[in-house]
Each structure stands twice: as structure tokens, then as C-alpha cells.
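>>> give me a model of this one.
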Amino acid sequence: MSVIVERALGAVGTGEAMLFHRPFGFLGLAIEGGSPTSIFRPDATPAHSIFGLSMFILAITGTIFAVVTGLLIYALIKFRQREADTSGEPAQIFGSTQIETAWTVIPLLIVVVMFLTAARVILATQAIPKPAKTLDVQVVGHQFWWEYRYPKQGFVTANELHIPASDPAHPLPTYLEMSSADVIHSFWVPRLAGKLDVVPQHVNTMWFDPSKPGLYLGQCAQYCGVNHAKMLLRVYVDSPEDFAAWVKRQQAVPEGVTSTDPAIAEGKLVFEKNACVNCHTVSGTVAKGRFGPDLTHVGSRDTIASGAIENTPENLRKWIEDPNQMKPGALMPAMRLNDRDLDAVTKYMTALR
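Here you go, the predicted model:
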């Protein structure tokens, strides 16, 4: 028993969870290709640790279930009443020190083992010193979208978090400093890390180090209002080269701001003469609002409405016309623009790349 516990603690502590991948490999295969938010497909150290812990707990509870069920079935079959049985009540036993000791000590040992394993995972994912080389991102939760600030790079974006892949030989973890602008939210990308609450006037920290480029999906996991279900998370893990190129584009003034296209210039004028500038920021323009998402490079994003809607000119036009028809409860009001102005603003937004 002690050898098993030692191996389990060691596997969970390293974040590799090797003990659990082998006997439960079928579970990972069964879920592969299924939900993109499955905890059975971990791709970062914290997620691997959580997966290992989950498999260890499942092994213990599954064994208990099998033993108890087996004993129950044995008792039902072995001691069932037969037609020839006329002996009345079975022999009455009033206590057994050995049995009572066993069913007290064994569960206590099981609870202690699970506690120590869980504590090791918590310490390994939350209490480790921050490395000197990291990507720092400040995350602010809003009803019902996400704001991402890159303080070292000097820009702000929204709803689509981009981070570089971490080379195991030269780790570059991403550290998120998270807070909320209104109510309690919760940041949860299951394939990267565990769930962490985003609390007003309080900073919580999360980190992960995925090595495989790709798109990782998540969800606000704390009910935060009527649009909680549409407060989605999209984390793009880019190769170091692609991430550097993305950062360079985010730091530049978007094409739509400097465009000489008359239609785009008209849309820019409509945008700046309406209430849009009170809530949104577009770098290089008079728009400096902070209440809504930063729109500096909104045309280059895959989605709008915090991942709920594909970013196409048609969807963007409908969103500007009346966000509540696409995301009921959205705090952005209908702009009440005529068709000409709607077309012009849509063209301008699309050009912000």
C-alpha cells in the first residue's frame, strides 16, 4: 500500500501522472475527439496534475464501489431465504471489535491518502515560485466578456487570449493575474488548468505551460448573470514565431485607422461621432472608452460576443444594429443607425486588423 501511495504522490507531484495514464488509457481514448473541454486530454502541467489526481481518486473510489457491490451481491446470493429454510431468524451477533476497528481505520487511511495527494497537487500548481521568464497577462472579467492586458507588450485585447507554446527544454509559462470589474466570474480552460474564481477587488493567479499549439476552449464556470452561458473562453497557443508576429500586429495601428478607402473613412467618422467612443478603445483614434471591449484589432478576431458568434461582416452588422437579438442581456445598447451608417461602421470594424 505504501509503495502505491508513494508512486501516486510522485507521479502527481511531477505533473506527468504516469501512474494513471497506463491503467486508464482507455478512458482517454474514449474521450479523444469528444468534448474540446474534456479534462481527459490535458495539455499543460497543471491540467496533467489534476488529471492524475482525478484518476487516483477514481481508482480508490472505484475499488471501494467494486468491493462493496461484490460483498452485497455475495450476501444476497449466499444468505437468501430458501423454501426449506424454517429456522427463523439467523444467529444474532452483537458487536465485533475486529470488524469495527477495520471499518474505522481503513476509511481513515483512505481519507488521509487522498488528502495528502490533493495537498501535493495544490502545492505543485499554486505554491511554486514564479520563474524569472514568463508571459504576464492581466485578465479582467466583465459581464459578459474577458479583457486581456499585456503590460510588458503594451497593448490590450479582448475575448481571445494568445500565448506562446512552452518548450519543455526552455519553459515559458504564462501567468494570469485575474480580477473582476463587477461580479464573481470563474476562469476555466479544462485542458490547461483547474477552475479559478475571478473576484472583484482581489487578484488571483493562475499559470499554465502548454507545449502543443492549438485552440483551447473554456467557459466562465461561475454563474454571473443572464449571459453566463455565453461568456466563453478561447485560448490560442501559438508557436513562438507566430506569437511574436501576433504581438507585433497588436502593437501596430490597425489598417482601418490609416486607410484611405472613402467607405472605411466614412465608417470611422460615424464610429467617432456616436456613443461608440464612450465605451470602446481603438488605438490611434479619439476612441478611448474602457467600459466595453478594446476594438483596436477586432477585425482580426475569429469571434465576437466573447466567443459566442463567428466574426463575419454579416454577424458584425447584426451585432452593431442590436446586440440583444444575438446575445440577450448584452449590456451594449442598440445603436439605432440607418442602413448607410451601419454598412459604413461594419466596413470600418472589419478593416481594424
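>>> where do the helices sit along this structure?
Ranges of helices in the chain, per DSSP state H, are 2-14, 18-21, 25-31, 45-78, 97-126, 240-251, 255-258, 262-273, 276-279, 313-321, 339-351.
>>> right, and the ones you listed - which one's nearest residue 198?
With Cβ to Cβ as the criterion, residue 198 lies closest to helix 97-126 of these, at 15.4 Å. Quick note: C-beta positions are derived from backbone N, CA and C, even for glycine.
>>> that closest one: how far from the chain's middle?
29 Å (Cα atoms, centre = their mean, to the nearest Å).
>>> do stretch 308-318 as well
With Cα atoms, centre = their mean, you get 24 Å for stretch 308-318.
>>> quick one: residues in contact with that stretch.
Applying Cβ atoms under 8 Å, 6 or more residues apart in numbering, the contact partners of stretch 308-318 are 230, 232, 298-299, 301-304, 319, 325-327, 342-343, 346-347, 349-350.
>>> then stretch 241-259?
Under Cβ under 8 Å, 6+ apart, the answer for stretch 241-259 is 150, 153-155, 157, 162-165, 213, 238, 264-265, 267-268, 282-285, 296-297, 299-300, 348-353.
>>> make a ChimeraX selection of whichever of these turn out to be buried.
Selection of buried members from the contacts of stretch 241-259 for ChimeraX, criterion 16 or more other Cβ atoms under 10 Å:
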select :150,155,157,162,163,164,165,238,264,265,267,268,282,283,285,296,297,299,300,348,349,350,351,352
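>>> quick one: which of the contacts of stretch 241-259 sit in strands?
Residues of the contacts of stretch 241-259 located in strands (DSSP state E): 150, 155, 157, 162, 163, 164, 238.
>>> residues in contact with the second one?
When you say that, I think you mean residue 155. 247, 250, 251, 283, 296.
>>> for the last one, same thing?
Residue 238 is in contact with 162, 163, 164, 165, 213, 246, counting by Cβ under 8 Å, 6+ apart.
>>> which residues does the second one bridge with?
Beta-bridge pairing of residue 163, defined through DSSP bridges, involves residue 237.
>>> so what's the residue count around the closest residue to residue 140 other than its chain neighbours?
The shortest distance from residue 140 to any non-neighbouring residue, by Cβ to Cβ, 6 or more residues apart in numbering, is to residue 147 (4.1 Å). Counted with other Cβ atoms under 10 Å, residues neighbouring residue 147 total 18.
>>> distance of residue 147 from residue 179?
10 Å (Cβ to Cβ, to the nearest Å).
>>> list the buried ones in stretch 278-293?
For stretch 278-293, a neighbour-count test (16+ other Cβ under 10 Å) marks 279, 280, 281, 282, 283, 285, 287, 289, 292, 293 as buried.
>>> what about stretch 138-157, distance to the chain center?
The answer for stretch 138-157 is 15 Å, by Cα atoms, centre = their mean.
>>> same question for stretch 185-201.
6 Å.
>>> next one: stretch 303-323
Offset of stretch 303-323 from its chain centre (Cα atoms, centre = their mean): 22 Å.
>>> keeping just the C-alphas, turn that stretch into PDB.
Output of stretch 303-323 as PDB, limited to C-alpha atoms (Å, rounded to 0.1, in the frame of the first residue of the first chain):
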ATOM      1  CA  THR A 303     -15.300  35.600 -33.000                       C
ATOM      2  CA  ILE A 304     -17.300  38.400 -31.400                       C
ATOM      3  CA  ALA A 305     -19.600  38.400 -28.300                       C
ATOM      4  CA  SER A 306     -17.000  36.600 -26.200                       C
ATOM      5  CA  GLY A 307     -16.700  33.600 -28.500                       C
ATOM      6  CA  ALA A 308     -20.400  33.200 -29.000                       C
ATOM      7  CA  ILE A 309     -20.700  34.400 -32.600                       C
ATOM      8  CA  GLU A 310     -18.400  33.900 -35.600                       C
ATOM      9  CA  ASN A 311     -16.800  37.200 -36.700                       C
ATOM     10  CA  THR A 312     -18.200  37.800 -40.200                       C
ATOM     11  CA  PRO A 313     -19.300  41.100 -41.800                       C
ATOM     12  CA  GLU A 314     -22.900  39.900 -41.700                       C
ATOM     13  CA  ASN A 315     -22.800  38.900 -38.000                       C
ATOM     14  CA  LEU A 316     -20.900  42.100 -37.100                       C
ATOM     15  CA  ARG A 317     -23.500  44.200 -38.800                       C
ATOM     16  CA  LYS A 318     -26.300  42.500 -36.900                       C
ATOM     17  CA  TRP A 319     -24.400  42.900 -33.700                       C
ATOM     18  CA  ILE A 320     -23.900  46.600 -34.100                       C
ATOM     19  CA  GLU A 321     -27.600  47.100 -35.100                       C
ATOM     20  CA  ASP A 322     -28.900  45.300 -32.000                       C
ATOM     21  CA  PRO A 323     -26.600  43.100 -29.800                       C
END
